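> what's the 3D shape of this:
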Amino acid sequence: MRISTNTMFETGTNQMGSLQSQLARTQMQLSTNRRILTPSDDPVASARALEVTQSQAVNTQYGVNRQNARSSLSQVEQALASTTQLIHDIKTIAVSAGNGTMLPADRQALAIDLKGRLNDLLGVANTADGVGGYLFSGYSTGSPPFSLVDGGAAYHGDQGIRKLQVASSREIAVSDSGSSVFENIATGNGTFQTSAASANKGAGVVSSGAITDASLIKGHDYQIEFTVTGTPAVTTYTVTDLSRAAEVPVPAPVALNVPFESGKQIAFEGVVFDIAGAPASGDIFNVKPSEKQSIFTTLSQLIDTLGLPANGPKQAALSNGLNMAMDNLDAALENVLSVRAGVGSSLKELDYLDGAGEDRNIQYSEALSDLQDLDMVKAYSLFQQQKMTLEASQMSFKSLSGLSLFNYLR
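Below is the predicted model:
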């Protein structure tokens with residue numbers, strides 16, 4: 001077969017070009033440590049690597065979300081810690097106010113101190129989140145959630161709880177509504193509350209009471225009215241179920257003309273409490289189901305209570321007001337501590353999710369390495385082989401292209 005000079009050069013040039021391309025590709029693999037340079041190198045592995053890369057990116061974003069959630073929850077925890085300290089300080093002041101040796105001026109000074117604590121508490125409730133919103137305003141982050149009004153504070157937020165997606169199947173709350181933290185606090189002992197009528201003239205002081213049998217609790221309103229008769233004076237009381245009184249033509253007494261002893265327990269229909277001191281004839285005490293009350297209302301009522309005289313019958317009014325305030329402050333403190341416990345639990349869960357996210361990221365990296373990474377030893381050996389082949393091809397082409405009969409003519 002006759003081979004033309006043109007064919008010989010074209011074939012040699014094409015062959016060397018092909019060998020150079022293979023060598024360049026291997027060199028690119030070595031420089032990038034990637035087996036797959038283009039999807040056509042391994043379509044199946046390329047598609048799988050794309051899926052893993054996307055999953056890894058989503059996992060990384062979850063990590064960013066967890067950092068943001070941790071930042072928000074840390075701010076909430078700090079605000080709740082300040083609230084806890086303020087409630088402790090307010091309780092200390094309330095205990096001091098019950099000291100019988102205090103002068104009206106001293107209680108007035110305590111009332112002024114409490115007004116300062118009220119403003120401090122309002123400031124905590126209106127804590128900003130650092131990104132233009134407020135921690136306790138729900139979804140209505142554009143304006144402060146609370147403002148002072150007569151008798152307490154008004155809430156301008158909503159019940160929304162902002163959440164962040166911190167894992168593929170987990171959303172976590174990064175805020176609490178101001179209503180759940182500062183407003184929806186059960187009065188009394190959480191089931192019922194006791195109180196003394198403002199018109200009482202005696203020296204009776206009622207306790208907060210307890211539950212003896214939850215199955216007997218009806219959630220009714222009761223009135224305990226005292227009667228003092230005879231000489232020597234005999235004090236009795238009658239308990240009336242006001243809730244049933246509205247359903248029948250006449251009031252429905254639960255207990256009628258029961259002899260009274262100071263400090264002796266009064267028990268009926270699952271509730272028990274005591275009244276110390278000497279109630280006057282006609283004095284009335286009430287027992288009704290617990291209600292939801294704002295801590296700002298509790299504090300405002302406490303400030304008003306400190307303005308009451310501390311002598312004669314008004315001493316009992318002061319003591320009853322202080323006892324009621326202490327019960328409500330205890331409930332507010334318990335509520336805040338419950339919210340703090342939830343925040344702490346969320347922060348602990350974020351730590352766990354961070355660990356799981358890091359483990360998952362390692363798994364993704366290993367999967368990508370298996371799909372994309374190059375076997376360096378094998379690739380380097382192939383590079384040396386291709387280099388040697390190219391050099392041999394170049395040498396042979398040089399020799400072949402130099403063949404000519406003219407070299408032998410003399």
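
> what's the nearest residue to residue 318 once chain neighbours are set aside in contact with, if anything?
Leaving aside its chain neighbours, residue 318 sits nearest to residue 308 (4.8 Å; criterion: CB to CB, 6 or more residues apart in numbering). Every C-beta, even on glycine, is put in place using the N, C-alpha and C of the backbone. Residues near residue 308 by CB atoms under 8 Å, 6 or more residues apart in numbering: 314, 317, 318, 321.

> Redo these as TSV? Include secondary structure.
Converted to TSV, these look like this (DSSP: H, G, I helix; E, B strand; the rest coil):
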residue	secondary structure
314	helix
317	helix
318	helix
321	helix
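
> Now neighbour count, pLDDT and distance to residue 222 too, for those, in TSV please.
Shown next, in TSV, are the contacts of residue 308 (neighbours: other CB atoms under 10 Å; pLDDT from 0 to 100; distance: CB to CB, whole Å):
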residue	neighbour count	pLDDT	distance to residue 222
314	14	71	25
317	22	87	20
318	22	87	24
321	23	90	20
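
> which of those residues sit farthest apart?
Within the contacts of residue 308, 314 and 321 form the most distant pair, 10.1 Å apart (CB to CB).

> Residue 324 and residue 16, how far apart?
For residue 324, the distance to residue 16 equals 100 Å [CB to CB, to the nearest Å].

> More neighbours: which of these two?
Set residue 324 next to residue 16 and count neighbours by other CB atoms under 10 Å: residue 324 wins out with 22 against 16.

> can you pull the contacts of that one?
Taking CB under 8 Å, 6+ apart as the criterion, residue 324 is in contact with 188, 193, 194, 195, 208, 301.

> Show me which of the contacts of residue 308 is closest to residue 294.
So of the contacts of residue 308, ranked by how close each gets to residue 294 (CB to CB), first place is residue 321, at 17.0 Å.

> Identify the residue spatially nearest to residue 280, adjacent ones excluded.
Per CB to CB, 6+ apart, closest to residue 280 is residue 202, 3.2 Å.

> right, and that neighbour touches residue 283 too?
Yes: look at residue 202 against residue 283 with CB atoms under 8 Å: they come within range, at 4.7 Å.

> Tell me the residues that contact both of these two, please.
In contact with both residue 202 and residue 283: residue 226, using CB under 8 Å, 6+ apart.

> quick one: which of the two has more around it?
Ranked by neighbour count (other CB under 10 Å), residue 202 and residue 283 place residue 283 first, with 26 against 19.

> hey, what's residue 240 bridged with?
For residue 240, the beta-bridge partners are residue 223, residue 253 (DSSP bridges).

> actually residue 258, not the one I typed
According to DSSP bridges, the partner residues bridging residue 258 are residue 237.

> do you know how far it is from residue 196?
18 Å.

> the more surrounded of those two?
Using other CB under 10 Å as the criterion, residue 258 and residue 196 rank with residue 196 on top: 24 against 16.

> Can you tell me the SS state at the nearest residue to that one once chain neighbours are set aside?
Nearest residue to residue 196, sequence neighbours excluded (CB to CB, 6+ apart): residue 320, at 4.3 Å. At residue 320 the chain is in helix, as set by three-state DSSP.

> Mind telling me what element residue 332 is part of?
Per DSSP states H and E: residue 332 is located in helix 313-372.

> how far out from the middle of the chain is that helix?
Its chain's C-alpha centre and that of helix 313-372 lie 6 Å apart, by CA atoms, centre = their mean, to the nearest Å.

> next one: stretch 58-67
For stretch 58-67 - counting by CA atoms, centre = their mean - the centre lies 18 Å from the chain centre.

> Tell me who's in contact with the nearest residue to residue 316 once chain neighbours are set aside.
With sequence-adjacent residues excluded and distances taken as CB to CB, 6+ apart, residue 316 is closest to residue 203, at 4.6 Å. Contacts for residue 203 (CB under 8 Å, 6+ apart) come out as 277, 278, 279, 280, 313, 315, 316.

> Most neighbours among those, which one is it?
Highest neighbour count within the contacts of residue 203, by other CB under 10 Å: residue 279, with 28 neighbours.

> Return the backbone torsion pair for that residue.
phi -70, psi 150 (degrees, to the nearest 10).

> Helix or strand: which one has residue 263?
Going by DSSP H and E, residue 263 is not part of any helix or strand.

> For residue 33, see how far away it is.
Look at residue 263 and residue 33: by CB to CB, they are 85 Å apart.

> likewise residue 82?
53 Å.

> Counting neighbours, go ahead and name the busier of the two.
Higher neighbour count among residue 82 and residue 33: residue 82, with 15 against 12, using other CB under 10 Å.

> Residue 303 contacts residue 116, correct?
No: under the criterion of CB under 8 Å, residue 303 is not in contact with residue 116, lying 10.6 Å apart.

> Which of those two has more residues huddled nearby?
residue 303 (18 against 9).

> show me what contacts that one?
With contact set as CB under 8 Å, 6+ apart, residue 303 has these partners: 111, 114, 115, 118.

> Reduced to three states, what does it come out as?
helix.

> Give me the distance between it and residue 218.
For residue 303, the distance to residue 218 equals 34 Å [CB to CB].

> again, but for residue 395
For residue 395, the distance to residue 218 (CB to CB) stands at 108 Å.

> Where does pLDDT dip in the stretch 51-200 of the chain?
For the stretch 51-200 of the chain, no stretch has pLDDT under 70.

> Helices of that one, start to end?
Taking DSSP state H, counting those that start in this stretch as the criterion, the stretch 51-200 of the chain carries its helices at 104-125, 178.

> Check which residues of stretch 208-220 are buried.
Neighbour-count burial for stretch 208-220 flags 208, 209, 220 (criterion: 16 or more other CB atoms under 10 Å).
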